[in-house]
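Colleague: Could you look at this predicted model? Sequence included:
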There are 2 protein chains.
Amino acid sequence: MSGVREAGSGKREAALRDGGRGTRDALTGPVEDYLKAIYAIGKGSGAAATNEIAQRLDLTPASVSGMVRRLADQGLLAYERYHGVKLTESGRRAALRTLRRHRVIEAYLAEALGYPWDRVHDEAERLEHAASDELVDRMAATIGEPEVDPHGAPIPTRDGAVDETVYRSLAELQVGSAGVVVRVSDEDPEMLRYLAELSILPGKRVTVKARAPFDGPITLSIARQELSIGPALAAQVMVAPIADRAVKRG
Amino acid sequence: MSGVREAGSGKREAALRDGGRGTRDALTGPVEDYLKAIYAIGKGSGAAATNEIAQRLDLTPASVSGMVRRLADQGLLAYERYHGVKLTESGRRAALRTLRRHRVIEAYLAEALGYPWDRVHDEAERLEHAASDELVDRMAATIGEPEVDPHGAPIPTRDGAVDETVYRSLAELQVGSAGVVVRVSDEDPEMLRYLAELSILPGKRVTVKARAPFDGPITLSIARQELSIGPALAAQVMVAPIADRAVKRG
DNA sequence: GCCAAAAGTTAGTCTATGCTAACTTATTTA
DNA sequence: TAAATAAGTTAGCATAGACTAACTTTTGGC
């Protein structure tokens, strides 16, 4: 390259730098999605594999390879060819900002606008890239600074702190022990409607009554009802074991 | 082109077609912005010149030429080289959909979230491309189906009807006659703050007391106060003349 | 420890959108 | 009506992001 050309071509440069969205940098929607995905896979600590990222974002691995290199150049990721990526501190902060937006929006839609819980995710998925931090903060304030979204996922604070407790899933709970549902996976509307039907919701107390062998159905009691669900579904329901002794240290 | 390649490359095609945003087509943010701009210039009827569009969107005329051709190919515009564009019926509908989103969002931000009126425009400018029709309808319902946004601009209905009454500006009002402010231009936050300070707000009654020659300041009385403003500012304030005779037919 | 399968990367394209520079059409003005 | 000027267009290029096809590393199994 020989000319004097800089990044960003021309007049709209400044406006594009932060999309008017907030105080900071410049992340585009796709970039925010990559960071969220990598955060979700590595949950703070671990590394994310190219294929996992691709699968989660519904993209080809080739596309991910390309993007990952660019994000690494921007200092958002630590990347070593053929060995997956990790978020840098700056990448992690950006991911948590987006996550906060997403979850506050979900909570607000449900609380203030009566959105059904199986549909808040998709709407938030788009709004999170357009809403300013100020808007998100006003939403949070309006509904009383919630700590979790409608599916039980913790909402990061303005300054990037988030509860990263790892819960076990209903599928891992020992037969005979009880727990409180803290959180369910939020992406599949149909599954959410089904869970609601069974009244498997954050805050509810469940007891595992039996587990059929060979990955068979799990029988549980919840809200004075007995029912059984498949292991795949059970794996999507995270629970906090209830003081039942013999639970610490896995 | 020789292969079997279709528009949209691959798996994400369906999802991209309407961005998940609503029932319809596929308009991207930039496209919605063009349509809004063309609608605003031609106000339903007239044609929009390339340069006007470019100025309004802060783009170069060359970019507008390119986009305009594509929008015409998509049937959203009627375009004749070197002679400006007009919205087709389909383009007009799309523009009004976006306009409805924008104005409902503005009204909602002000009403439900306490957003200051000089800042709702910028936030709505981004959200309008991400919010679904359902969200917008819920917002409208929550604040009681308002008919105008915080600056007095009429909100198109779900089915694309909108009040297109053309008002005269304060600058055009005859000395001695009175009017009610119906609407102010919404894009300049600083101007909005100033107008609010002077209490020149939609719904207020104004009387033009005097107009200095040579495009000089206009003196008016509003809210029992007398004040004068420049003609450029006056031109941004639209008023409905108050039954004062001699007003019909301009 | 070698080799096939799995995982990841590169090369080459594509679309959308924007830009600059150079050119063409319209319009205005003398 | 012929320049001069304004308006609009084309050509060529850039960037972000995604794709396919072909190639390269890693890794898991024997």
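Modeller: Structure's in. What do you need? Numbering: from 1, shown residues only, chains lettered A, B, ... in the order given.

Colleague: C-terminal to the helix ranked longest in chain A, what's the next element?
Modeller: If you go by DSSP state H, chain A has its longest helix at helix A:89-113. Later in the chain than helix A:89-113, the nearest helix or strand by DSSP states H and E is helix A:120-127.

Colleague: okay, the angle between that next one and helix B:120-127?
Modeller: 110 degrees (axes from the mean of the first three to the mean of the last three CA atoms, to 10 degrees).

Colleague: Excluding its own residues, what touches the helix or strand following helix A:120-127? List them.
Modeller: Counting by DSSP H and E, the element after helix A:120-127 in chain order, helix or strand, is helix A:133-142. With CB atoms under 8 Å, 6 or more residues apart in numbering or on different chains as the test, helix A:133-142 has contacts from A:21-23, A:97, A:100-101, A:104-105, A:107-108, A:112, A:146, A:155, A:158, B:109, B:112-115, B:123. The way it works is simple: take the backbone N, C-alpha and C, and place the C-beta from them, glycine included.

Colleague: Direction included, what does the following helix or strand past helix A:133-142 pair up with?
Modeller: Going down the chain from helix A:133-142, the next helix or strand is strand A:168-169, by DSSP H and E. As defined by DSSP bridges, the strand partners of strand A:168-169 come to strand A:237-241 (antiparallel).

Colleague: Contact residues of chain A facing DNA strand C?
Modeller: Residues of chain A found near DNA strand C, taking CB under 7 Å from any atom of the strand as the criterion, are A:9-12, A:49-52, A:61-62, A:64-66, A:68-69, A:79, A:81-84.

Colleague: Please list only the buried members of the residues you listed.
Modeller: Among the residues of chain A next to DNA strand C, those buried by neighbour count (16 or more other CB atoms under 10 Å in any protein chain shown) are A:49-50, A:52, A:64, A:68, A:79, A:84.

Colleague: Which of those residues sits closest to DNA strand D?
Modeller: A:Val64 (7.6 Å; CB to the nearest atom of the strand).

Colleague: So that closest one, which state does it fall into?
Modeller: Following DSSP: H, G, I helix; E, B strand; the rest coil, we place A:Val64 in the helix state.

Colleague: isn't A:Leu233 right up against A:Asp188?
Modeller: No - checked against CB atoms under 8 Å, the pair A:Leu233 and A:Asp188 is beyond contact range at 10.1 Å.

Colleague: who's more crowded, those two?
Modeller: A:Leu233 (20 against 14; other CB atoms under 10 Å in any protein chain shown).

Colleague: For chain B, see how far away the more buried one is.
Modeller: 25 Å (CB to the nearest CB, to the nearest Å).

Colleague: for A:Arg93, same thing?
Modeller: Distance, A:Arg93 to chain B, by CB to the nearest CB: 21 Å.

Colleague: Now that residue: closest residue in space, sequence neighbours ignored.
Modeller: Closest residue in space to A:Arg93, ignoring its immediate chain neighbours: A:Gly160 at 5.3 Å, by CB to CB, 6 or more residues apart in numbering or on different chains.

Colleague: Let me see the contact set for the one you found.
Modeller: A:92-93, A:96-97.

Colleague: centre of the chain versus stretch A:216-223, how much separation?
Modeller: Distance of stretch A:216-223 from the chain centroid (CA atoms, centre = their mean, to the nearest Å) equals 26 Å.

Colleague: Can I get it in CSV, CA atoms only?
Modeller: As requested, the backbone C-alpha atoms of stretch A:216-223 are provided in CSV (Å, rounded to 0.1, in the frame of the first residue of the first chain):
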residue,chain,number,x,y,z
GLY,A,216,-33.2,-43.1,29.6
PRO,A,217,-35.7,-40.7,30.9
ILE,A,218,-35.4,-38.9,34.2
THR,A,219,-38.3,-38.9,36.5
LEU,A,220,-38.7,-35.9,38.8
SER,A,221,-41.2,-34.3,41.0
ILE,A,222,-41.8,-30.6,40.8
ALA,A,223,-44.7,-28.5,42.0
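
Colleague: Spatially central residue in chain A, please.
Modeller: By CA atoms, centre = their mean, the mean C-alpha position of chain A lies nearest to A:Ala40, the distance being 6.0 Å.

Colleague: Would you check that A:Gly29 makes contact with A:His129?
Modeller: Yes - contact criterion CB under 8 Å: A:Gly29 and A:His129 qualify, at 4.0 Å.

Colleague: the more surrounded of the two?
Modeller: The neighbour comparison of A:Gly29 against A:His129 (other CB under 10 Å) goes to A:His129, with 21 against 16.

Colleague: Hmm, A:Val31 and that one touching each other?
Modeller: No - using CB under 8 Å, A:His129 is not in contact with A:Val31, being 9.5 Å away.

Colleague: Tell me which helix or strand in chain A has the weakest average pLDDT.
Modeller: helix A:13-18 (a mean of 47; mean pLDDT, DSSP states H and E).

Colleague: Following the chain past that one, name the next helix or strand.
Modeller: Immediately after helix A:13-18, counting by DSSP H and E, sits helix A:29-42.

Colleague: tell me which parts of chain A are close to DNA strand D?
Modeller: Residues of chain A found near DNA strand D, taking CB under 7 Å from any atom of the strand as the criterion, are A:5, A:7, A:9, A:28-31, A:33, A:57-60, A:62-63, A:66-67, A:70, A:82-83.

Colleague: These also near chain B: which ones?
Modeller: A:58-59 (CB under 8 Å from any CB of the partner chain).

Colleague: that's a strand at A:Gly179, yeah?
Modeller: Yes - remark: A:Gly179 belongs to a strand, assigned using three-state DSSP.

Colleague: Look at it and say how many residues are nearby.
Modeller: Neighbourhood size, A:Gly179 [other CB under 10 Å]: 26.

Colleague: try the one 5 residues further on
Modeller: The tally of other residues near A:Val184 (other CB under 10 Å) stands at 25.

Colleague: Quick one: residues contacting it.
Modeller: Residues counted as contacts of A:Val184 (CB under 8 Å, 6+ apart) are A:151-152, A:192, A:195, A:200-202, A:236-238.

Colleague: By neighbours, which of these wins?
Modeller: Neighbour-wise, these (other CB under 10 Å) top out at A:Val237, 29 neighbours.

Colleague: what about A:Glu111, how many neighbours?
Modeller: For A:Glu111, using other CB under 10 Å, the count is 16.

Colleague: Return the residues in contact with the nearest residue to it once chain neighbours are set aside.
Modeller: Nearest residue to A:Glu111, sequence neighbours excluded (CB to CB, 6+ apart): A:Ile143, at 4.4 Å. Contact partners of A:Ile143, counting by CB under 8 Å, 6+ apart, are A:107-108, A:111-112.
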